[in-house]
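S.K.: I'll drop the sequence and a predicted model, then ask my questions.
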Amino acid sequence: MKNWLSCWPGRCPKLTDEQRLRRDNWKALPRAALSMPLDGSRYVVVDVETSGLNLWEDRLISIGAVAVVNGKIDMSDSFYVVLRQASASSKENILVHGIGGSAQAAGMLPTEALLAFLEYLGKSPLVAFHVVFDETMIRRAMRTHLGCSFSHFWLDMAYIMPALHPAGRSHSLDDWIARFGIVNDARHNALADAQVTAQLFQVAQHIAGQKNITDFAGLRDLEKAQRWVSRVA
Amino acid sequence: MSAIHSSQLAFFAAHAPFDRMETEHLSWMLERMKLGYYAQGEVILRPEQGVAECFLIIKQGMVQGETSIEDANAADTWLELAEGECFPLGALLAHRPVASVYRSAGDTFCYELPLADFHTLLDLSAPFRDFCTRRIANLLEHSKQIIQAQYAQSSGELQSLTSPLSALIKRMPVTCTPETTVREVLSRMHDARIGSMIAVDGIGRALGILTLPDVLERIALPQIDLEQPVIGVMTTHLTFLPPHALACEAALNMAKLGFRHVLVVENERLIGLVSEKDLFALQRTGLRQIGQAIRHAKTLAELQQTAADIRRMAHNMMAQGVAAEQLTQFISTFNDQLTARVIELEYLSCNQDMTEICWMALGSEGRVEQTLSTDQDNALIFAVPDGMTPDEVRAHMLPVARRINDALALCGFPLCRGKVMASNPEWCLSLAEWKQKFSDWIRNGTPQALLHASIFFDFRALHGAEHLACELRRWLSNVAGDNTRFLHQMAQNAMSIRPPLGVVRDFVLGREHKLDLKLNGITPFVDAARIFSLACCVSETGTLARLRASAAKLNIHPSEVEAWTSAFLFIQVLRMRHHDEAQGVSCGELDNLIDPESLHELDRRILKEAFRQARKLQARLALEYQL
């Protein structure tokens, strides 16, 4: 209940002047253009680990992200952070992502961690598998710790893949990566999961190119169409 | 900002040469790389792109290299690169465009390092540099070290090979000055009963070495002036090891470079000499003892004992990393001696006059390529004495041959299932009859005839009247070399056995998911070498000797032959290792089937490379005979 209250709008977090400046600098950056071409742009593929699956109560524990620049994953352009937790998550939860109690306590202060993430991200569009989860967790953390509403461009691979590939819908990330032989040696590590999702995104960019989808707007339209299809089907 | 998950590093730790690079250098490399995706059929590199600009490592998937000849179809794929392999090394090192089209064969992800970083990494990391500049040689070496490590663990008697050289040095080596005359050096070597002389300068640095085999080759045969300074006939390209180097390092050095001695040097000064004899003396069964035991054996039981010793020696030598070529030659040499002794004992017991009879080794024994699981393949050739018919000689010889075949079986050489043995009346023939038989095969070219040719044309005199076999070989070279139709048929037949590499996936496996190293691995080399040697009138029977001797006449580049021979030898080593391991487990029959999954990652890669070489060799054969 305490957690839930703490994210109530209006309770403004205390930021230093320097932190506020960094946050506002990020806000002032120009938005990504919808017309930016797929093979001449930077996308950031993200994955998060949390204390559980409840979108309103569970806390953000780690963020992993890799950048896909001009169609290639840039190994030097990646990001990983563990957010400091006041109390460790449950044992069952720790067994999922492997970030133990002391690692959680030794993490970076959430405000600093989120600012670092924003500065890494810039205004590059975000890509994730099942966006609603990652987006909600990140948005709540941003509001709690930075006092800002995080509205950003997202692409959801869970809709884009079925729209591009005849294998169809309702496949999990594991199903998709297995289909393309992508190996994940550390499932449920945010960085490793972001990496395989990024590889999947590379495959998607390739197929999209064959279907004459060449820009970000094209992928967004594709995602919208697929969302509509899955609702009516 | 950069974060790299440890599983990325784990990937590199599983593949050569990255497994030997320092973590610091690996991270340096990883931070500068991009990961690219290539869909099935997508071109990754092509010659038209100009000078190669990227070093690629396959993270996942498969890449094929195709020669840029127009008619290159799918079956002519030269290269198949799998997970963990990198390319295009040659082009990057030479700053030139790639020679082949590299195409993705499936969903492929590659790490990509820019050219400038690649060159920096060459400077930074010694293992990486080593690997790139001596790729195949390095893989083989690495594999050999792993094999050695495995054996060193399994056999306790090898512990002595892990002792330092300083423990093996018995006395100061005998030395001379470089100006000493050849005559004086020879007389000192003779008086002191030593096998080598080392020339040193004023402060004890070794300048050159002269060994007994050199004396024959460089002094006695060319009959040089004995008053000249000895340094002129010495080997001046010396290899040194420090006193703390291990005995097995010295053994490896000797096996690799073919030297019989290793100089031990400390602070540039010679402090000792370790000879091959010193190293092999570390073992229970020395090479010399086995030879003597065979020569002096009086009974079959004694010979059976030495047969077991030969197998044990083979195991030890394999553990010491003695190269496959030498190893098979050792085994063949001892098996020859053993066979000869069996024959002698048999002839003695029945007072057989052996002057006009020759026992011939066929098949792998004829090619001096015996492994531990060699069936008997032998035959007799004889001259017909005046007043006798071939049938009379045969009737007399067959029972003797039968007893010899049986005795050999007792020594561990199983009887040939196809009855290719001297006790079979079909293969106990006079010189004239053999010529008749061979000409029939060459004229007919039936599948049966071709099969026989593949066994019998590798014949070699093993015991008795050698001149008969030599005469047959001379005759065969003339007849077969001229018959292009027959060679064409042999080539066609040889092409029917393909190396087990798929076009897309890696190995093509037979039943039980296994590879037949003999049929699909060794046979393509052996067959091609036989055809080349017949076409070029080369009288050698060994596959490597045949390839080397034919290459010059066929205008094949030596480096290509070198690649073929290393590939052939590697498959031989794998076979022998397989036999050696199997023998430890059961006394049953040895097979040549291996499960590639059971191989070390590195061996699997080299084996693939070896099969690729087999394919190249076959392509060469196809070119030669327009198949």
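M.R.: Sure, I can see it.
S.K.: Chain A: strands as residue ranges?
M.R.: For chain A, applying DSSP state E gives strands covering A:42-50, A:60-69, A:72-82, A:126-128, A:154-156.
S.K.: mind listing what B:His15 touches?
M.R.: Counting by C-beta atoms under 8 Å, 6 or more residues apart in numbering or on different chains, B:His15 makes contact with B:Ile57, B:Glu83, B:Gly84, B:Glu85, B:Glu601. No exception for glycine: its C-beta is placed from N, CA and C like everyone else's.
S.K.: Okay, buried residues for the host helix or strand of B:Arg188 please.
M.R.: When secondary structure is defined by DSSP states H and E, B:Arg188 falls within helix B:182-192. Under the neighbour-count criterion of 16 or more other C-beta atoms under 10 Å in any protein chain shown, helix B:182-192 has B:Val182, B:Val185, B:Leu186, B:Met189 buried.
S.K.: So the first one is in contact with B:Val233, correct?
M.R.: Yes: A contact is recorded between B:Val182 and B:Val233 when judged using C-beta atoms under 8 Å, the distance being 6.2 Å.
S.K.: Which neighbours do these two have in common?
M.R.: Counting by C-beta under 8 Å, 6+ apart, the common neighbours of B:Val182 and B:Val233 are B:Ile219, B:Ile224.
S.K.: What secondary structure category should be reported for the residue nearest to B:Ala494 when sequence neighbours are not counted?
M.R.: Distances taken as C-beta to C-beta, 6 or more residues apart in numbering or on different chains place B:Asp527 nearest to B:Ala494, at 3.6 Å, with adjacent residues excluded. With DSSP: H, G, I helix; E, B strand; the rest coil as the basis, B:Asp527 sits in helix.
S.K.: burial of B:Ile426, as a residue count?
M.R.: For the record, residue B:426 is Glu, not Ile. By other C-beta atoms under 10 Å in any protein chain shown, the residues close to B:Glu426 number 12.
S.K.: Oops, could you answer that again for A:Arg231 instead?
M.R.: 7.
S.K.: Pull up the gap between it and B:Thr299, please.
M.R.: 92 Å (C-beta to C-beta, to the nearest Å).
S.K.: next one: A:Ser51
M.R.: Noted for A:Ser51: a distance of 83 Å to B:Thr299, by C-beta to C-beta.
S.K.: The two: who's more crowded?
M.R.: More neighbours surround A:Ser51 than the other of A:Ser51 and B:Thr299, with 23 against 9 (other C-beta under 10 Å).
S.K.: what sits against the residue nearest to B:Ala494?
M.R.: For B:Asp527, the contacting residues are B:Ser454, B:Met490, B:Asn493, B:Ala494, B:Ile497, by C-beta under 8 Å, 6+ apart.
S.K.: So which residues of the stretch 351-500 of chain B form strands?
M.R.: Applying DSSP state E, counting those that start in this stretch to the stretch 351-500 of chain B gives strands spanning B:357-361, B:378-382, B:428-430, B:460-464.
S.K.: Can you find the helix or strand of the chain with the lowest average pLDDT?
M.R.: Went with chain A since none was named. Lowest by mean pLDDT, DSSP states H and E among the helices and strands of chain A is helix A:2-6, with a mean of 49.
S.K.: right idea, wrong chain: chain B
M.R.: Least-confident helix or strand in chain B using mean pLDDT, DSSP H and E: helix B:135-154, a mean of 53.
S.K.: Which strands border the helix or strand just after it, and is each parallel or antiparallel?
M.R.: Using DSSP H and E, the next helix or strand after helix B:135-154 towards the C-terminus is strand B:175-176. When pairing is defined by DSSP bridges, strand B:175-176 lines up against strand B:196-200 (parallel).
S.K.: can you list the residues of chain A near chain B?
M.R.: A:64, A:69, A:71-80, A:116, A:120, A:180-183, A:185-186, A:189, A:191-192, A:195, A:198-199, A:202-203, A:205-207 (C-beta under 8 Å from any C-beta of the partner chain).
S.K.: Out of the residues you listed, which end up buried?
M.R.: Among the residues of chain A next to chain B, those buried by neighbour count (16+ other C-beta under 10 Å) are A:64, A:69, A:71-75, A:77-80, A:116, A:120, A:180, A:182, A:186, A:189, A:191-192, A:195, A:198-199, A:202-203, A:205-206.
S.K.: In the chain, where's the longest helix?
M.R.: With no chain named, the answer covers chain A. Taking DSSP state H as the criterion, chain A has its longest helix at helix A:190-210.
S.K.: that's the other chain; I wanted chain B
M.R.: Criterion DSSP H: the longest helix present in chain B is helix B:558-585.
S.K.: moving C-terminal of it, what's the next helix or strand?
M.R.: Counting by DSSP H and E, the next helix or strand C-terminal to helix B:558-585 is strand B:593-594.
S.K.: Tell me the helices and strands packed up against that next one.
M.R.: strand B:515-516 (3 or more C-beta pairs under 8 Å, 6 or more residues apart in numbering or on different chains; DSSP states H and E).
S.K.: and A:Val131, how many neighbours?
M.R.: 18.
S.K.: Could you report the distance from it to A:Glu223?
M.R.: In terms of C-beta to C-beta, A:Val131 sits 9 Å off from A:Glu223.
S.K.: Could you pull out the residues contacting both of these two?
M.R.: A:Leu155, A:Asp156.
S.K.: any chance you could map the helices in the stretch 351-500 of chain B?
M.R.: Using DSSP state H, counting those that start in this stretch, the helices of the stretch 351-500 of chain B run over B:363-366, B:390-410, B:431-444, B:447-456, B:466-482, B:484-495.
S.K.: Adding mean neighbour count and mean pLDDT as columns, could you present these in a markdown table?
M.R.: Compiled in a markdown table, those are given as follows (neighbours: other C-beta atoms under 10 Å in any protein chain shown; pLDDT from 0 to 100):
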| stretch | mean neighbour count | mean pLDDT |
| --- | --- | --- |
| helix B:363-366 | 24 | 87 |
| helix B:390-410 | 17 | 91 |
| helix B:431-444 | 16 | 92 |
| helix B:447-456 | 17 | 90 |
| helix B:466-482 | 17 | 89 |
| helix B:484-495 | 18 | 89 |
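S.K.: Next, give me the two most distant ones among the contacts of B:Asp527.
M.R.: Greatest spatial distance among the contacts of B:Asp527 (C-beta to C-beta): B:Met490 and B:Ile497, at 12.3 Å.
S.K.: For the residue most central in space within chain A, list the residues it contacts.
M.R.: Computing the C-alpha centroid of chain A and ranking residues by C-alpha atoms, centre = their mean puts A:Val46 first, at 3.2 Å. Each residue near A:Val46 by C-beta under 8 Å, 6+ apart is listed here: A:Ile63, A:Gly64, A:Ala65, A:Leu126, A:Val127, A:Ala128, A:Asp134, A:Ile138, A:Ala194.
S.K.: Check B:Thr108 too.
M.R.: B:Tyr37, B:Tyr38, B:Ile44, B:Ile58, B:Gln60, B:Gly61, B:Met62, B:Val63.
S.K.: Going by distance to B:Thr565, which of these wins?
M.R.: When those are compared against B:Thr565 (criterion: C-beta to C-beta), the nearest one is B:Val63, at 26.4 Å.
S.K.: isn't there a helix covering the closest one?
M.R.: No: assigned with three-state DSSP, B:Val63 falls outside any helix and is strand.
S.K.: does A:Leu29 really touch A:Leu121, like I thought?
M.R.: No: taking C-beta under 8 Å as the definition, A:Leu29 is not a contact partner of A:Leu121, at 9.6 Å.
S.K.: Of those two, which one has the most company?
M.R.: A side-by-side neighbour count of A:Leu29 and A:Leu121, using other C-beta under 10 Å, places A:Leu121 first with 21 against 12.
S.K.: if I look at that one, how far off is A:Ala190?
M.R.: From A:Leu121 to A:Ala190 the distance is 14 Å (C-beta to C-beta).
S.K.: now do B:Asp527
M.R.: Using C-beta to C-beta, B:Asp527 is found at 57 Å from A:Ala190.
S.K.: same deal with B:Arg260?
M.R.: Using C-beta to C-beta, one obtains 61 Å as the distance from B:Arg260 to A:Ala190.
S.K.: higher neighbour count, these two?
M.R.: The residue with more neighbours, out of B:Arg260 and A:Ala190, is A:Ala190; 28 against 16, by other C-beta under 10 Å.
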